[in-house]
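Peer 1: From the sequence below, what's the structure:
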Amino acid sequence: MSEIAIGQLAPDFEMPTDGGATVALSGLKGKSVVLYFYPKDDTSGCTSQAIAFTENIDKFRALSCEVIGVSKDKVASHDKFKAKYDLDVTLASDFGTEICEAYGVWVEKSMYGRKYFGIERATFLIDKNGTVVNIWRKVKVPGHDEAVLKAVQELV
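Peer 2: The predicted structure is shown next:
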């Protein structure tokens, strides 16, 4: 697993998304992309994060920026999650964790002394040329969407 650095080309991806679609980084050239990784659909922090990005989605879109949330949940789970909270962000499924590993967010975690692998909450801002221009790791949800939006505004 490699560590992604600011200034390098973002690893390309193609993943199934909610609604039966697919999304590929190579298909988003000319737009900036907020690629945020989160542990699990319909958990408190992940729900708060998705709602916060949804509340600002029009601002992101006005800046020609796509917001894509990635977890290893299956597409059916994403569909239920989006419907339950009326989310307006794209949710992509990395069920096999290949994309998580490529972005260095599939990490060893520990809870109550038990070690396991899971997704580190992290966000990558990719510019219209496919270059990583900002990285937030070990994200704390409150205010994160605003910090990301500010960084997107600075790209314009």
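Peer 1: Dihedrals phi and psi, the closest residue to Gln49 other than its chain neighbours?
Peer 2: With CB to CB, 6 or more residues apart in numbering as the criterion, Gln49 has its nearest non-adjacent residue at 4.8 Å, and that residue is Val141. C-beta here means a position set from N, CA and C on the backbone, and glycine is covered the same way. Backbone geometry at Val141, expressed as degrees, to the nearest 10, gives phi -70, psi -50.
Peer 1: again with Val75
Peer 2: Torsion angles, degrees, to the nearest 10, at Val75: phi -60, psi -40.
Peer 1: Give me the distance between it and Thr43.
Peer 2: 18 Å (CB to CB, to the nearest Å).
Peer 1: The two: who's more crowded?
Peer 2: Between Val75 and Thr43, Val75 has the larger neighbour count (other CB atoms under 10 Å), namely 19 against 13.
Peer 1: who does whichever strand or helix holds Ala147 touch, helix- and strand-wise?
Peer 2: Per DSSP states H and E: Ala147 is located in helix 144-155. In terms of contacts (3 or more CB pairs under 8 Å, 6 or more residues apart in numbering; DSSP states H and E), helix 144-155 is packed against strand 32-37, helix 44-55, helix 57-62, strand 122-126, strand 132-136.
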